[in-house]
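Peer 1: Need coordinates for the following:
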Amino acid sequence: MIKRSDYVLQGGPQGVLLIHGLTGTPAEMRFVAKGLHARGFTVHGMQLAGHCGDEADLLASGWRDWAASVEQAALALRPQVDQLFVAGLSMGAVLALHLAMERPGLVSGLGLYGTTFVYDGWTIPPVARLSFLLPWVCALGLGRGRSFMEAPPYGIKDERIRARIAGSMLAGDSAAGGLPGNPWPSLAEFYRLARRVRARLGEVHVPCLAVHAQEDDVASLRNVEILRRGLPTPLQTLILPESYHMVTVDQERERLIQASADFFTSLLPQPVRQAPACALA
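Peer 2: Take a look at the predicted model:
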């Protein structure tokens, strides 16, 4: 049964919707949520459809369900704040881009953390790099019951944090650590989403901040270049030298939080300065 693991931190009049990744959990965005909340933002760490339960729950959902749950959360948060920003990790970043395409005018800016269009990091084995073929494989009815299992370092360079999160994941606590593997049909759904968003990057007309690990073990810096080439507006970037894929929990997360807060604040409307009143003669 799916567990409700999302959370809302009430703060100021600027809101941030945080989106976790495929097979992940809102817990992977909690450090960022607390950091942005401490800087005055209202934050909602949402739970994607089909997540935080078992594999059957995930397989019962697809990319359209994930995107619909993002849109529903954004539409619920928007009336409560003056400006809405959206930030996502890995597939969550792709879903943030999709929202900006589908709902122009709803979002004021995007935080794209470890954006993943292709799984091509240094821990991805050669056979898994062919996972972009899964939409065709699964369309033939093949691959159900198969998964690509997570492997060390599980996207985390900090050994202490890695031990805690991987321990929860491997112990079956999907609400805290996510699922330990990526089912082939779910990966096929991810690639359908990624291809759609990649082809439509020119429709994203809001400012974007990309935060990516220099040595991302899951998605290489090629994914940032896809953003840079496809987006019609300049892309602000922060490359982290001492992190792996899970930049929202790894050892440079404070840099990510501060960069995000600064970026979102820079997009707020500037107050109109009144001209000094003329002195009476």
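
Peer 1: alpha carbons only for contacts and neighbour counts from here, please
Peer 2: Will do.

Peer 1: And stretch 238-251, end to end?
Peer 2: 14 Å (C-alpha to C-alpha, to the nearest Å).

Peer 1: Just the mean pLDDT for that stretch, thanks.
Peer 2: Regarding stretch 238-251, the rounded mean pLDDT is 97.

Peer 1: Report the buried residues of that stretch.
Peer 2: 238-240, 242-251 (16 or more other C-alpha atoms under 10 Å).

Peer 1: which residues sit against that stretch?
Peer 2: 28-29, 31-32, 89, 113-114, 155-158, 161, 209-219, 252-253, 256, 259 (C-alpha atoms under 8 Å, 6 or more residues apart in numbering).

Peer 1: and those, which of them are in strands?
Peer 2: If you go by DSSP state E, these have L89, Y113, L209, A210, V211, H212, A213 in strands.

Peer 1: If the fourth one is in a bridge, with which residues?
Peer 2: Read it as A210. Note on A210: beta-bridge partners by DSSP bridges are L112, T237.

Peer 1: what's the answer for the first one, then?
Peer 2: The residues paired with L89 through beta bridges, assigned by DSSP bridges, are Y113.

Peer 1: Can you flag which of the buried residues of stretch 238-251 belong to strands?
Peer 2: Residues of the buried residues of stretch 238-251 located in strands (DSSP E): L238, I239, L240.

Peer 1: what's the neighbour count on Q72?
Peer 2: Q72 has 10 neighbours, counted by other C-alpha atoms under 10 Å.

Peer 1: any idea of the pLDDT on A277?
Peer 2: Residue-level confidence at A277 comes out at 48, pLDDT.

Peer 1: Could you do L59 as well?
Peer 2: What the model reports for L59 is a pLDDT of 89.

Peer 1: Same question for the one 5 residues further on.
Peer 2: We note a pLDDT of 97 for R64 in this prediction.

Peer 1: now do C52
Peer 2: Looking at C52, its pLDDT is 91.

Peer 1: any idea whether it is helix, strand or coil?
Peer 2: Following DSSP: H, G, I helix; E, B strand; the rest coil, C52 is assigned to coil.

Peer 1: I'd guessed it sits against R4; true?
Peer 2: Yes. Counting by C-alpha atoms under 8 Å, R4 is a contact partner of C52 at 7.4 Å.

Peer 1: Which one of those two is surrounded by more residues?
Peer 2: Each of C52 and R4 has its neighbours counted (other C-alpha under 10 Å); C52 has more, 27 against 15.

Peer 1: Please report the distance of S168 from P180.
Peer 2: In terms of C-alpha to C-alpha, S168 sits 9 Å off from P180.

Peer 1: These two: which is more packed in?
Peer 2: For S168 versus P180, neighbours defined as other C-alpha under 10 Å are more numerous around P180 (23 against 18).

Peer 1: Report the separation between that one and W122.
Peer 2: Using C-alpha to C-alpha, P180 is found at 19 Å from W122.

Peer 1: Ok, E102 next?
Peer 2: Shown here: E102 relative to W122, a distance of 33 Å by C-alpha to C-alpha.

Peer 1: quick one: the strands in the stretch 1-150 of the chain?
Peer 2: Using DSSP state E, counting those that start in this stretch, the strands of the stretch 1-150 of the chain run over residues 7-9, 14-19, 42-45, 83-89, 109-113, 147-149.

Peer 1: any chance of those in TSV, plus distance to A74?
Peer 2: Below are those laid out as TSV (distance: least, C-alpha to C-alpha, whole Å):
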stretch	distance to A74
strand 7-9	12
strand 14-19	7
strand 42-45	9
strand 83-89	8
strand 109-113	13
strand 147-149	31
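
Peer 1: one step back: pipe the ones in strands among the buried residues of stretch 238-251 into JSON lines and attach distance to H205 per row.
Peer 2: Putting those into JSON lines (distance: C-alpha to C-alpha, whole Å) gives the following:
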{"residue": "L238", "distance to H205": "20"}
{"residue": "I239", "distance to H205": "22"}
{"residue": "L240", "distance to H205": "25"}
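
Peer 1: from the ones in strands among the contacts of stretch 238-251, which single one is nearest R64?
Peer 2: In terms of C-alpha to C-alpha, no member of these lies closer to R64 than L89, at 17.7 Å.
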